[in-house]
Each structure stands twice: as C-alpha cells, then as structure tokens.
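My questions concern the predicted model and sequence given below.
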Number of protein chains: 2
Amino acid sequence: MSKAMSKPAYHHGDLESALLAGALERVRQVGAEKVSLRGLAADLGVSPSAAYHHFPDKDALLRAAGFAAIDKLADQQELALAIISATGADGAVARFRALGRSYVDFALNEPHLFRLAFGGHCAIPEGSENREPSRAWTILTCALDELVEAGLLTTEFREKSEILVWSAVHGVATLILEGQLPAEAADELFDSLAHMLGVRR
Amino acid sequence: MSKAMSKPAYHHGDLESALLAGALERVRQVGAEKVSLRGLAADLGVSPSAAYHHFPDKDALLRAAGFAAIDKLADQQELALAIISATGADGAVARFRALGRSYVDFALNEPHLFRLAFGGHCAIPEGSENREPSRAWTILTCALDELVEAGLLTTEFREKSEILVWSAVHGVATLILEGQLPAEAADELFDSLAHMLGVRR
DNA sequence: ACGATATCTGTACAGTGTAAAGATCACTCT
DNA sequence: AGAGTGATCTTTACACTGTACAGATATCGT
C-alpha cells in the first residue's frame, strides 16, 4: 500500500520513482525523442521490460516526466518570487516582471523539459470539468492580485489580464525557443506588458 | 540541376516532393512521432532506403515538412484575410481579429502540423543574422499598419505591439491545444487585445 | 555511342518498444 | 512458523525501426 516512500525496498529499491527521475534527467539532457526505455533500464541495472510493471507505456512514463517538468517550472517561478522579495525590490511590478523572466528563462535553459511539458505529451484528459487550476495559473493570479492591491491594475481589467499575460509570456518563450523571435523579444514584451498594465489610471 | 520540377521523371517521378507531401499528410493524420520512413517508402512503392538520396535524415524530411506546415499556416491566414475582406466587414479591427482566429483555428484543427511546426523540429540554424522575417511576421505587421492608418493604434505603441500580439496569439493557441486553457480563452484574449489596442487615444 | 552521374534496390545490422511466461522475493494469514 | 499469494523482476522472443553499404539501372551531357 505504501508506494515509493523510502529508499530501500526489496528487489531494486523502488523502480517507479527511479524510472521517473531517470527519464526526467535523460529528457533534460538529450530530449524526449532520444531517450530509450531500454537504455534507461540498463542504466538502472534492470531488465528491458521491468518498467512495464510501473507504467503501461513508454508514453505514460514520459507523460509523468512531463508533469514533473511542469512542476519544476512552477518551482522555479516560486523561487524567483522568493529571490525578488529577498532582494528588497519593492514594487509589485518587479515581482510581476520576475515571474515572466523566470518563465522564459526556464524555457531557454531547459528547452527539452519545456518541450516535453508543452509538446503534446501532457495533454489534459479531454473531459475534465473538475480541472483544478495549474500551479502556474494560481501563481499568476496571485501576482495580478498584488498589482490590483497596489492600485496599478483596474479590477475590471484584471480578469482579462490573466489569459493575456500568461499567453503572451508562454508565447514569447516558445517563439524564442524555436528561433522565430530573437532573445531580446522577451524584455520588449515585458516592457509592453508593464506599460500596458501600469499605465492604467 | 533541375530538381523536383514537373511530374514525370524517370524512376519514380520525383521522389523528393512525393516524400515531402507524404510525410506532411502522414504527420497531419497521426502525428510526427508515429510516421515511419519505411512505411512511407512502402506506400510510395519504393525501397526502404530510397529516401536517403533526397534527405540526409528522417529528421531532415520532418523538418522540411515542418516548414511546409508553417507555410500552410501562413496560407490559411492570408485566406482568412481574403474572406473577411470579401465579407465586407469594414474595420481594420475585424481583419485583425480574423487573423488571430485563423491562427488558433489552425492550431486546433491541425494539432499535429502545429506541433511539428513549433515543436523543435524547425528551429532556426542558430547563427542567422540575415534572417528574413517569416510570413506570419509580415502578415502581422501589415495588419498592424492598417490599424495605425485607421487611427486605432498609436505609432509609438505599434512597434511594441508586434511582439506582444504574436506572442499572445501563439501562446493562447498552444495553451489551449495542450489543455492548459479552455477553448473560450481565445475569444477572451481577442477581446483583451482589441480593448487594449482600440482604447488607445 | 559512351562514360558519368543521379536515382533506386537489396541486404544487413544494431537498436527499439513491448508481449508472454516463468522466476524470485516480501508479506499476510492461519 | 510455514504455506500461499501477489507484487516485482527476468528471460526470451517478435515485429519493427532508422540507416549504412554495395550494387543495379536508367538518364543525360558530350
């Protein structure tokens, strides 16, 4: 009943989390389409088909790794928020900007993880009414709430801003990543957003 | 010296464009990671390794197909512009909105092509100074010019809008496609953009 | 007409995902 | 404690993949 708790178990330890961690790291290094289940199993000292007792598919393993990557992105965003707070940079605008920066930095520093997360492997199960908002979403809404509290953003305009901001930041990250926009585009975008939000009376 | 011009050539016709068209169609139907070079060759009545006289790699073929997909997207945008013009909808805003719609419609109607185009297969060769702007870019800038001419967009704000608008539309398309945003998010985004641009004095 | 060259075939190999059946260990129940 | 149960892993095997290499074949320039 206990799964993947502590390190020593019996045959291997616990393969499930080892597979997940290994897959995540391998994707991080060489990209999702170049990781082989067999190679991963070999590195873990386990037989080629051992993984099938923990994941129905290679795709299922990669999907799990993709969700872990999404989580890593959220971690990094929270870390960026913590850092900017410690730095003492006052404004809610600074925090807001730091969020955007950390998002595109993640995309550029970990392109394989970013593509794994948003490249079709982690599509949501389709009929999902009870979809809890993703961590990225809640982090974003909190930052927007701060802007509203600071009087920098109209309440009426706030709700519309959610989708706009997330889409813009995500879009610029992927477009830079795929070479469709130069790297400087990110800062220009942040300028536009700040100008656009901060200028509201 | 002539490559891939007219239909009848000698052994097969011209394999190069047949391979490209076949790859594009197969990706369209089942997704890039499920097309096999061998299966494609078999369907074309050709030996397994025939493709290697036209493309150095399977990846090279897929990359070529990806660029074709990008072109298809641009085609669809121009078609959307033509339609909205014929409809007689007056404003530059309507044209602008039609562009956005066609972009996310393409992503949702042809998810596999969209992912092929922006999923890492078509990254730009890195050191590209003389990068001519993509068709999507020029189409977008033209639409923005129209908005400026119509007096709906400040010239000062226009330049910043380019990156913002493209990023936002591309972002919302991929986020919807990956299930991170509901389909209605696209229209809400367009509202935000229209509000944001049109409201400028 | 005749080489030169581009195009395609045949064969082969290493590597892949995964299905099926058997082995091995931890744990539970009496 | 001892037997059985179920989870975990191994072995073996199969169909399939991308692609290298050595020839065959048809086309074109001269």
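Sure, I can see it. Residues are numbered from 1 along each chain as shown, chains lettered A, B, ... in the order given.

What separation do you get for residue A:36 and DNA strand D?
When distance is defined by CB to the nearest atom of the strand, to the nearest Å, residue A:36 is 11 Å away from DNA strand D. C-beta: built from backbone N, CA, C; applies to glycine.

can you check residue A:55 too?
Taking CB to the nearest atom of the strand, one finds residue A:55 at 11 Å from DNA strand D.

pLDDT value on residue A:156, please?
Reading off the confidence values, residue A:156 has pLDDT 82.

cool, the one 3 residues further on as well?
Confidence per residue is given as pLDDT, and for residue A:159 that number is 84.

Report how many residues lie close to it.
Residue A:159: 12 surrounding residues under other CB atoms under 10 Å in any protein chain shown.

Can you tell me the element it falls in?
Element membership of residue A:159, judged by DSSP states H and E, is helix A:155-177.

One more: residue A:140?
Going by DSSP H and E, residue A:140 is part of helix A:135-149.

May I have that helix as CSV, with CA atoms only?
Extracted as CSV, the C-alpha positions of helix A:135-149 are listed here (Å, rounded to 0.1, in the frame of the first residue of the first chain):
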residue,chain,number,x,y,z
ARG,A,135,0.2,26.0,-10.2
ALA,A,136,1.3,28.4,-12.9
TRP,A,137,-2.2,29.8,-13.0
THR,A,138,-2.5,30.3,-9.3
ILE,A,139,0.9,31.9,-9.1
LEU,A,140,0.0,34.3,-11.9
THR,A,141,-3.4,35.2,-10.4
CYS,A,142,-1.7,36.0,-7.1
ALA,A,143,0.8,38.3,-8.8
LEU,A,144,-2.1,40.0,-10.5
ASP,A,145,-3.9,40.4,-7.2
GLU,A,146,-0.9,42.2,-5.9
LEU,A,147,-1.0,44.6,-8.8
VAL,A,148,-4.6,45.3,-8.1
GLU,A,149,-4.0,45.9,-4.4
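
coming back round to it: do the helix holding residue A:159 and chain B come into contact?
Yes. Judged by CB under 8 Å from any CB of the partner chain, helix A:155-177 comes into contact with chain B through A:160-161, A:163-164, A:166-172, A:174-175, A:177.

cool, stretch A:29-38 as well?
Yes. Using CB under 8 Å from any CB, we find that stretch A:29-38 touches chain B at A:31, A:33.

Need the residues that contact that stretch.
With CB atoms under 8 Å, 6 or more residues apart in numbering or on different chains as the test, stretch A:29-38 has contacts from A:23, A:26-27, A:48, A:51, A:58, A:61-62, A:112, A:115-116, A:119, A:121, B:33, B:120.

Most neighbours among the residues you listed, which one?
Counting by other CB under 10 Å, top hit in these: residue A:116 with 28 neighbours.

Correct me if wrong: it contacts residue A:69.
Yes. Taking contacts as CB atoms under 8 Å, residue A:116 lies within contact range of residue A:69: 5.3 Å.
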